[in-house]
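# Have a look; sequence and predicted model below, questions after that.
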Amino acid sequence: MHSFGISIDIPQPVEHVWSVMIDVERWHEWTPSIKGVRVLGEQPLAVGSRALIRQPKFPPALWTVSALVPGERFSWVSVAPGLRVTGHHAVVPISGGSRATLGIEIDGLCGGLWARLTRSITERYIDYEAQGLHARAEDGAYRHRGFSRSPHG
């Protein structure tokens, strides 16, 4: 297995950082690593929820939520022949705010090759996501829109 990850301290309460993190359909607003996320089915996300994610330089991928502790962390998995990619997202309280941790694990028969081929872009995208999460959480104008489905969802 190959792992990539980053942690970032954000001077905001866990609840606020979590609300940004779990609002996956708006990720494209704050990170250039995401062109779009479409949750398939009802929200809020739960174990078994699926989402179609479009990223620059990668084919669209279907992700399935594999673990979720509301207000704290979630993981989701995308599977292709010979490849399993797991994304982890967590937020914990620290003195003065929160610490968000984002990570990717790549395994499977082709996992080692895929990890080596995509290492640079994977590390760059995780950094974009951490920096974007920090900026969005610090944006006083941001408000979680709730989980009602939009007419375009």
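Done, it's in. Numbers count the residues shown, from 1 in each chain.

# Geometric centre of this protein: which residue is closest?
residue 89 (5.9 Å; C-alpha atoms, centre = their mean).

# quick one: average confidence on stretch 50-59?
Taken as a whole, stretch 50-59 has a mean pLDDT of 97.

# whoops, I mixed them up, stretch 91-103
pLDDT averaged over stretch 91-103 gives 98.

# Name the residues of the helix or strand harbouring residue 135 that are buried.
Per DSSP states H and E, residue 135 falls inside helix 111-138. Residues of helix 111-138 classed as buried under the neighbour-count rule (16 or more other C-beta atoms under 10 Å) are 111, 114-115, 118, 122, 125-127, 129-130, 132-134, 136-137. Placement of C-beta: from N, CA and C, glycine included.

# From the chain's centre, how far out is that helix? Work that out for me.
Centroid separation for helix 111-138 versus its chain: 10 Å, with C-alpha atoms, centre = their mean, to the nearest Å.

# wait, what's in contact with the closest residue to residue 32 other than its chain neighbours?
Spatial nearest neighbour of residue 32, excluding adjacent residues (C-beta to C-beta, 6 or more residues apart in numbering): residue 128 at 5.5 Å. Residue 128 makes contact with 31-33, according to C-beta atoms under 8 Å, 6 or more residues apart in numbering.

# Any stretches of this structure with poor pLDDT?
Scanning the chain for pLDDT under 70 picks out the ranges 145-153.

# For it, just list every one of the strands.
For the chain, applying DSSP state E gives strands covering 2-10, 36-40, 50-54, 61-69, 73-80, 83-94, 97-107.

# Nearest to residue 22, out of the ones you listed?
strand 73-80 (7.0 Å; C-beta to C-beta).

# Packing partners of that closest one?
Judged by 3 or more C-beta pairs under 8 Å, 6 or more residues apart in numbering; DSSP states H and E, the packing partners of strand 73-80 are strand 61-69, strand 83-94.

# before we move on, back to that, of the buried residues of helix 111-138, which pair is most distant in space?
Top of the distance list for the buried residues of helix 111-138 (C-beta to C-beta): 111 and 137, 31.5 Å.
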